[in-house]
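Engineer: just a sequence and a predicted model for now, questions to come.
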Number of protein chains: 2
Amino acid sequence: MANVAERAIRTAAEGNQVVMIVSAMAGETNRLLGLASDITDVPDARELDVLASTGEQVSAALVALTLQKLGHPAQSLLGSQIRIRTDGAFTKARILEIEGSKLLDTVNGGKIAVVAGFQGIDDHGNINTLGRGGSDTTAVAIAAAIRADVCEIYTDVDGVYTTDPNICPKAKKIERISFEEMLELASLGAKVLQIRSVEVGMKYGVPIHVRSSFSDRPGTIVTGEEGLEKVVVTGIAYDKSEAKVQMINVPDRPGVVASVFGMLAEKNVSVDMIIQSPSRESGSTTDVTFTVPKADLARTKENIEECARSIGGAAIEYDPDIVKVSIVGLGMRSHAGVASRMFQILAAEGINIQAISTSEIKVSCLMASKYTELAVRALHTGFGLDKEPSEETIG
Amino acid sequence: MANVAERAIRTAAEGNQVVMIVSAMAGETNRLLGLASDITDVPDARELDVLASTGEQVSAALVALTLQKLGHPAQSLLGSQIRIRTDGAFTKARILEIEGSKLLDTVNGGKIAVVAGFQGIDDHGNINTLGRGGSDTTAVAIAAAIRADVCEIYTDVDGVYTTDPNICPKAKKIERISFEEMLELASLGAKVLQIRSVEVGMKYGVPIHVRSSFSDRPGTIVTGEEGLEKVVVTGIAYDKSEAKVQMINVPDRPGVVASVFGMLAEKNVSVDMIIQSPSRESGSTTDVTFTVPKADLARTKENIEECARSIGGAAIEYDPDIVKVSIVGLGMRSHAGVASRMFQILAAEGINIQAISTSEIKVSCLMASKYTELAVRALHTGFGLDKEPSEETIG
């Protein structure tokens, strides 16, 4: 806490007006939610928000006290006090609007404003929280509301890497990355920044500087595309959170496949990759493969087996031991052949691709999870992302 | 928590609309203030209030969840949400006004409203707390705002006693007591109810029922004088929190004594009993005795010794081993001789009275603290307050 306070004071001393957005102390949100789950398994969402929002309120007061102790005027501000208007969706609200004026009054008065993140207030005066990681989103939204030059997000890593350094020692820190690339990397499992905070940054054009709380070195700047070097592949992500479901011998009649996915949507299971093998002859059967979050697999099983019986006895197989490995880069838009280069690299390692999906700036391949490290490292080298040896000896 | 929730539901089932006012969980306020004192010895009062008010916020959410779990609709409400307007005096604010409408909306909708006590919001939107025990005051003020039939205060004792049962086993529970008597007893050390909550109850005529959280038996009803039997002595209080200061041989000139008490007032020392012995001849010296809170004794010593030198070398003696024993009762107004009966009872026990002060419904005597138990028991018996034997065997 003293660490971030000193940094804020240094930033102010350099002539900046500073607004800090704080999250709860480590473990505090879980402690508070634990108090509720001691009472009931199905807690009311409104009361959960009243409870959980105290975590950030405590942090805001303590950080303000720390700044004052270090000699800088400071004031804590709650979501309700600066009118962070939210949509009323308890525990997962979205920010509708922020009244910047109270905040600007505070900083114009020479104080550092310390805002409790993660919370807002709806039109009925209820406290809403933004869901896990909501403090990042609060920070970016406030930066947009007061037209801040930059939104710095302090975290326990020193930036966004070309891939997970834990499995690929040659991963290097990315200096600048576009919002879109960051969205693809974040949603694919590089859990440095909340997806929604990146969306808000993109919408309002607020540059986000992700950096370490423990070091003064620059981190990664997430920004618009202007002036960004459009490299073909910026980063490699992997995601082990999904499981594969295969329906074999599904009657190949109009509407049958749609009914399966309609049922899953109804049960709130979000399906990611879908591959339907072309049927060999009309009126015959087809195979349908798709992935669902592992957390939803039990629910999927329950429902799909009944569904399979009703549509004519398709066999179903499940495989939780899979990984989705993705390459992401703005340069893909203008470079053909990136996907096939990816397949070649994987093939050269003897890796069998079970499914493929692509977007404008991303190619994802599904494979057995045992190949994760091998695939990530091969792609990292194959697309020229490895650290140079000189850097390695310095770093 | 389940205990108070069940009681509230029972009260609602009897056809009442129920508003609960909750305080922080045991130890929570101290834990929160401890976080601040880990940072600084002189914390900003505004931020202390932001911090401390979370204790009641957490309780309100948890009690609402408990009520819901037990099957009764409920909603937590914060000081800011029902507009408990306070005067801006951080950590010791006073309530100016309460907007009852939001609260009435909630209870009219069939819900039990669970209000976070101890907190309000000032005209600038800052959180103010009411100081220790402020939840009692919140409860009585809310009862006044919504014209409640009664304000029940649940505590760990089952009512107000004629004296401290720990030192006088014959003490008995008082069924009804007037606001004024309660004020005298509370300020004299019978720490069952916050003084300010009794003041608010008196101002707005809200009966306060002090009762045990752990028993269904009625406690003590604090109420207006109408219909109260005006007994001569309702209760006996004692207070060991003061120390005696004696200034000997003070020059008996106009303004000298005033200058001593002026200095103490300036240093924020509140002086209680004052006795000036009549001087034997004009131009001679006099002795001045007074009491100050033990907590202020060091500060008093520091200042008074310098003061004594400057006014001409009076000798000063301190005695922290004293107690103030008081009898309180509405009936004193119309009964002469109550004070002298008190002195007789004490004299019969060989107790030397060091100072006396009186009000309309109270007589206090200062004595050596070793006499506390003896004096309280003798007065309790002497003024006819002892439990009847039959009651004793039942109770």
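Structural biologist: Yep, that arrived.
Engineer: the residue in the stretch 201-350 of chain A positioned nearest to chain B and residue A:337: what is the separation?
Structural biologist: Nearest to chain B in the stretch 201-350 of chain A, going by Cβ to the nearest Cβ, is residue A:213, at a distance of 17.8 Å. C-beta: built from backbone N, CA, C; applies to glycine. Distance of residue A:213 to residue A:337, given as Cβ to Cβ, to the nearest Å: 41 Å.
Engineer: between those two, who's got more neighbours?
Structural biologist: Neighbours around residue A:213 and residue A:337, counted as other Cβ atoms under 10 Å in any protein chain shown, are more numerous at residue A:213. The numbers are 13 against 10.
Engineer: burial measure for the closest residue in space to that one that isn't next to it in sequence, as a count.
Structural biologist: Ranked by Cβ to Cβ, 6 or more residues apart in numbering or on different chains and with sequence neighbours excluded, the top spatial neighbour of residue A:213 is residue A:154, at 4.3 Å. Residues lying near residue A:154 (other Cβ under 10 Å) number 18.
Engineer: one more: residue A:340?
Structural biologist: Neighbours around residue A:340, by other Cβ under 10 Å: 10.
Engineer: name the SS class of it, please.
Structural biologist: Assigned by DSSP: H, G, I helix; E, B strand; the rest coil, the conformation of residue A:340 is helix.
Engineer: which helix in chain A has the most residues?
Structural biologist: Counting residues, the longest helix found in chain A (DSSP state H) is helix A:45-69.
Engineer: what about that one, near chain B?
Structural biologist: Yes: using Cβ under 8 Å from any Cβ of the partner chain, helix A:45-69 comes into contact with chain B via A:46-48, A:50-51, A:53-54, A:57-58, A:60-62, A:64-66, A:68-69.
Engineer: quick one: average confidence on that helix?
Structural biologist: Helix A:45-69 shows a mean pLDDT of 98.
Engineer: got a list of what the nearest residue to residue A:173 once chain neighbours are set aside touches?
Structural biologist: Excluding its sequence neighbours, the residue lying closest to residue A:173 (Cβ to Cβ, 6+ apart) is residue A:159, at 4.4 Å. Shown in contact with residue A:159 (Cβ atoms under 8 Å, 6 or more residues apart in numbering or on different chains): A:173-174, A:192, A:210-212, A:218-220.
Engineer: if we can go back for a sec, what residues of the longest helix of chain A count as buried?
Structural biologist: By 16 or more other Cβ atoms under 10 Å in any protein chain shown, the buried positions in helix A:45-69 come out as A:46-69.
Engineer: same deal with stretch A:250-261?
Structural biologist: A:250, A:252, A:256-257, A:260.
Engineer: first vs last residue of that stretch, how far apart are they?
Structural biologist: Using Cα to Cα, to the nearest Å, the end-to-end distance of stretch A:250-261 comes out at 13 Å.
Engineer: quick revisit: which of the buried residues of stretch A:250-261 sit farthest apart?
Structural biologist: Farthest-apart pair in the buried residues of stretch A:250-261 is A:252 and A:260; separation 12.8 Å (Cβ to Cβ).
Engineer: for residue A:191, give me the pLDDT.
Structural biologist: Reported pLDDT for residue A:191: 69.
Engineer: also the one 10 residues further on?
Structural biologist: We have a pLDDT of 94 for residue A:201.
Engineer: surely it and residue A:221 touch.
Structural biologist: No: applying Cβ atoms under 8 Å as the test, residue A:201 and residue A:221 come out as separate, 10.6 Å apart.
Engineer: now the helices for the stretch 101-250 of chain A?
Structural biologist: Taking DSSP state H, counting those that start in this stretch, the helices of the stretch 101-250 of chain A run over residues A:134-145, A:179-187, A:195-204.
Engineer: tell me the secondary structure for the nearest residue to residue A:339 once chain neighbours are set aside?
Structural biologist: Excluding its sequence neighbours, the residue lying closest to residue A:339 (Cβ to Cβ, 6+ apart) is residue A:363, at 4.6 Å. Under three-state DSSP, the three-state class of residue A:363 is strand.
Engineer: got it, and the one 10 residues further on?
Structural biologist: Under the three-state scheme (three-state DSSP), residue A:373 adopts helix.
Engineer: the one 4 residues further on now?
Structural biologist: The three-state label for residue A:377, taken from three-state DSSP, comes out as helix.
Engineer: OK, contacts around it?
Structural biologist: Per Cβ under 8 Å, 6+ apart, neighbours of residue A:377: A:167-168, A:170.
Engineer: quick one: low-confidence parts of chain A?
Structural biologist: Residue ranges of chain A with pLDDT under 70: A:187-191, A:279-283, A:313, A:389-395.
Engineer: interface residues of it facing chain B?
Structural biologist: Residues of chain A lying near chain B (Cβ under 8 Å from any Cβ): A:1, A:32, A:35-36, A:39-40, A:43-44, A:46-48, A:50-51, A:53-54, A:57-58, A:60-62, A:64-66, A:68-69, A:75-76, A:78, A:80-81, A:102, A:125-127.
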